[in-house]
Structures are given as C-alpha cells and as structure tokens.
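Student: Provided below are the primary sequence and the corresponding predicted coordinates.
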Amino acid sequence: MTRIISWHQKPSVPKFNVPVGAVDAHCHVFGPQRQFPFSSKAKYIPNDAGPDKLFALRDQLGFSRNVIVQASCHGTDNSATLNAIAQSNDLARGVAVVDPDIAIDELQVLHDGGIRGVRFNFLKRLVDNAPKDKFIEVAKRIAPLGWHVVVYFEAELLEELTPFLEVLPVTIVIDHLGRPDVSQGANGPDMLVFRKLLEDHDNIWTKVSCADRLSKQGWPYDDFVEAVVPIVADFPDRVLWGTDWPHPNMQDNIPDDGKLVDILPRIAPTQNLQQKLLVSNPMRLYWPEIYSEH
Ligand code: 0GY
C-alpha cells in the first residue's frame, strides 16, 4: 500500500485569533512508523505525522492544547498516541481504541498516560467489526475512571444506533455530527434527526468538526456553516471542535488548517460561544482537575 500524505504542506496562519487556552479536541498522530508500526488491519497506510508536526501546527494555529484520537490505522495499539501525549508537557490528552476485552488495570495504565475516553468506530471503510454488546461492557468498565466514549458513525446508522447510545452509562461525544448530509440544510432530515438526539439526551455531546469532509461545496464551507450554526447556538455546553489533522485518508480536497480555523467565528459567532466551544467544554472534559469556570 502506498503511504498517503493526507495533510496540507503549507497551511496558512489563520486570520481569526482563537481564545487563549483553546483546545484542538480532535486530531491524530501517525507513527513514526519505525517506532510505532501500523496495524496489519489498517485500511490506509499514511506517511509519518508524529507529535513534532502536530505541536508545530498547534502553535501556528494559536491553540494551546490537543486531544489526540487514536487513528484506525494504529488499531488497538495506543503506543503512538501515548508517545505523543508523553511528549506534550501535559498539553495533550487522548482517546484510545481498545480491545473490547481490555482489563481494568490496563485501562488504568492508559489513564496514567493521559487517556480520558475510548472511541467506538462504526465506519465500515475503517474497521472490520464494531460489536455493540462488547462496547457496552467497555463503557461500563470505563465509567468509574470518569471517561467518556467517542462514537463515530454515518447518518444512515443513527436510527439503528440510538438504542445502543441510550444504554451507555457515560458522556457520549459524537464525531463530526454523525456525518449528516449538510447540503440538506439546517432543517434537512439529517440535521433534524441529529438535533432530536441532542434534545432528548443531555449526556450526548458532538464535535462540530470536519467541514472539509462534510461540505459538498468546499471552501468556504457555506453548507456546513449553515447546518451547524443552530447546533452551536442551542447546545453551547455540549460542543467541541478539532482540526482532524492529519486528516486521515484524505487524498482529494485536503484542507488548509488555517482556513478551517477561519470558519470558527462563523459557526460560533459570539465570544461567549467561542469560549465554550474552544476552551471551557474541552477543558471540562479533558482537564477538569485544572479547570475552573470563572
Ligand atoms: C477522522 C475521520 C476518519 C478517519 C479516522 O481513525 C481514523 O482512521 O478517524 C475518516 O476517515 O473519516 O475522524 O479522523
């Protein structure tokens, strides 16, 4: 398999200044492969995108912290993610992907390494199986650690997955709004069903991220912005945002990360909303021990 370079080689410096202490709450690291080989089940093999590159981008974009989500190409071996967190001076935390049979003492080791959640990935193009009953057991096992689950699925699966989401005894963060068709608009069927999920369950949060994957129009992502503005306005305490760098598996329309940051004031138009989206919400979830609301 050819190793893919899925990220912009010269992202711009954003025009928008993010608030002090902003967290990029969805990004990944790949490798370096010599130290951290990819999984034999990986559906794509990327070039190395290690912690040095990630932290340089963080600084360029004006962010302070990262939440590193274990990428599917590393399977359930979280070493690359843990390595990046260890090199961050406590400016990174992580979300792991685990073998569903993982024991409590192994979870504690991950906790000590900065992991605060597990990801359940239902995308068939990324993983071979997603055993719901085993995931429920994992969720019960992580609850005493104060962790949350991150769930990744596409809009057509939402109805089938809702009963599963309803039995998870922890906070749930849904990646990229459950991948709706944003071209239907803010009142289109996908966004309305997703909004209802948030209305009915106050333990469900979402990441209003991945404009580049969800928009059908491309930059400046007007269809994405229009669809997510009401979500940020109406659920301001349950939204997160991240770059998705290094944009796993993207081969066309690779986004300029600086321009992704530049849509933030359009999706969160007030300072109060920007503070919640980029600082208070991710800090409450990932660094609660050092964060207090003023
Ligand atoms: C994302 C999106 C994708 C990939 C992964 O773990 C991954 O490989 O998450 C995707 O291909 O849509 O959130 O990074």
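Tutor: Done, it's in.
Student: which stretches in the stretch 51-200 of the chain count as strands?
Tutor: 65-69, 92-96, 115-121, 148-152, 172-174 (DSSP state E, counting those that start in this stretch).
Student: make CSV out of these and add mean neighbour count and distance to the ligand.
Tutor: The C-beta positions use only the backbone N, C-alpha and C, and glycine is treated the same way. Below are the strands of the stretch 51-200 of the chain laid out as CSV (neighbours: other C-beta atoms under 10 Å; distance: least, C-beta to the nearest ligand atom, whole Å):
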stretch, mean neighbour count, distance to the ligand
strand 65-69, 27, 7
strand 92-96, 25, 10
strand 115-121, 23, 6
strand 148-152, 23, 6
strand 172-174, 24, 11
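Student: number of residues surrounding residue 188?
Tutor: 15 (other C-beta atoms under 10 Å).
Student: so what's the nearest residue to it once chain neighbours are set aside up against?
Tutor: Spatial nearest neighbour of residue 188, chain neighbours left out: residue 181 (6.8 Å); criterion: C-beta to C-beta, 6 or more residues apart in numbering. Neighbouring residues of residue 181 by C-beta atoms under 8 Å, 6 or more residues apart in numbering: 155, 188, 190, 216.
Student: so the last one makes contact with residue 183?
Tutor: Yes: between residue 216 and residue 183 there is a contact at 4.5 Å, judged by C-beta atoms under 8 Å.
Student: neighbour-wise, which of the two wins?
Tutor: Using other C-beta under 10 Å as the criterion, residue 216 and residue 183 rank with residue 183 on top: 15 against 11.
Student: before we move on, the earlier item: give me the subset of the contacts of residue 181 that lies in helices.
Tutor: The members of the contacts of residue 181 that map onto helices under DSSP state H are residue 190.
Student: any chance of the contacts of residue 181 in TSV, plus distance to the ligand and pLDDT?
Tutor: Listed next are the contacts of residue 181 as TSV, based on distance: C-beta to the nearest ligand atom, whole Å; pLDDT from 0 to 100:
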residue	distance to the ligand	pLDDT
155	13	98
188	21	97
190	16	98
216	16	97
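Student: okay then, goodbye and thanks.
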